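> Sequence first, predicted coordinates after that:
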Amino acid sequence: MSSPHIDYLFDDSTGEPAATDFSDLHGRRFLRVRTTLTRADYIVVQVYDFGAVNHQSNASEYYQQSRAVLTLHFSGNSLGSVKYEHWRSSMPVEEYLKKSLLSRSSSRTFAMSDSQEYKWTSDTSLGHTWTCFNAQRYLVAHYDVRGHTEPQYPNSSGNTLTVSRTFMHLTIEIVTSLILMRYIAKRP
């Protein structure tokens, strides 16, 4: 049963930024994240948005609605690049996720396809591992990592991504930018 008036609550199946599934607990959306190429100094990660979930079929029968491609570098000055299907070319991660002079490395601003500015921050005082706000400081999304004292669940990392239903149309960009933020946070 679909629940159009509540926020999207995605289960993060593995907790691994480059190999997981994000499945809305109400079956309204399903995204798959996969590493499609691995080299010594970079990987290519693709994010697929399959839209609504048909629980009667398996993931290979879903129809891809949109896709993002990330090339993530492990060394050097470049973080890599990002490209969405609706873009003509890829963009360096440093241009897509901009670090302001006054912010920490765990806080970056970016624009989504609606031309609005958004900001991811890793400030646990806000009650979440990662939090995304728009320029008006409206809570757009948050990512929560399962605590060490919480029980483990079968076929789930226990991590969740919540996306405000108002911003549901930007889900692939929210997931993609979150993957990049987690990647940047782990990079030396």
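Nice, thanks for sending it over. Numbering: from 1, shown residues only.

> Flag the shaky bits of this protein, pLDDT-wise.
The model of the chain has pLDDT under 70 over residues 1-4, 53-64, 101-105.

> Which parts of it are strands?
Here the chain has its strands, by DSSP state E, at 8-12, 20-24, 30-38, 42-49, 66-73, 80-84, 91-92, 107-111, 117-121, 130-134, 139-144, 159-163.

> Out of those, which gets nearest to M181?
The minimum distance between M181 and the strands of the chain falls on strand 117-121, with 4.7 Å, by C-beta to C-beta. (Glycine included, C-beta is placed from N, CA and C.)

> what are the pairing partners of that closest one, and which direction each?
The strands beside strand 117-121 in its sheet (DSSP bridges) come out as strand 107-111 (antiparallel), strand 130-134 (antiparallel).

> just those: most buried one?
Ranked by mean neighbour count under mean count of other C-beta atoms under 10 Å, these are led by strand 130-134, which reaches a mean of 21.

> what's that strand in contact with?
For strand 130-134, contacts defined as C-beta atoms under 8 Å, 6 or more residues apart in numbering pick out 116-123, 139-143, 174, 177-178, 181-182.

> Just want the angle from that strand to strand 139-144.
Computed by axes from the mean of the first three to the mean of the last three C-alpha atoms, to 10 degrees, the angle separating strand 130-134 from strand 139-144 equals 170 degrees.

> rewinding a little: can you put the strands of the chain in JSON lines and add distance to K99?
Converted to JSON lines, the strands of the chain look like this (distance: least, C-beta to C-beta, whole Å):
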{"stretch": "strand 8-12", "distance to K99": "25"}
{"stretch": "strand 20-24", "distance to K99": "25"}
{"stretch": "strand 30-38", "distance to K99": "24"}
{"stretch": "strand 42-49", "distance to K99": "21"}
{"stretch": "strand 66-73", "distance to K99": "16"}
{"stretch": "strand 80-84", "distance to K99": "15"}
{"stretch": "strand 91-92", "distance to K99": "13"}
{"stretch": "strand 107-111", "distance to K99": "5"}
{"stretch": "strand 117-121", "distance to K99": "11"}
{"stretch": "strand 130-134", "distance to K99": "15"}
{"stretch": "strand 139-144", "distance to K99": "19"}
{"stretch": "strand 159-163", "distance to K99": "22"}
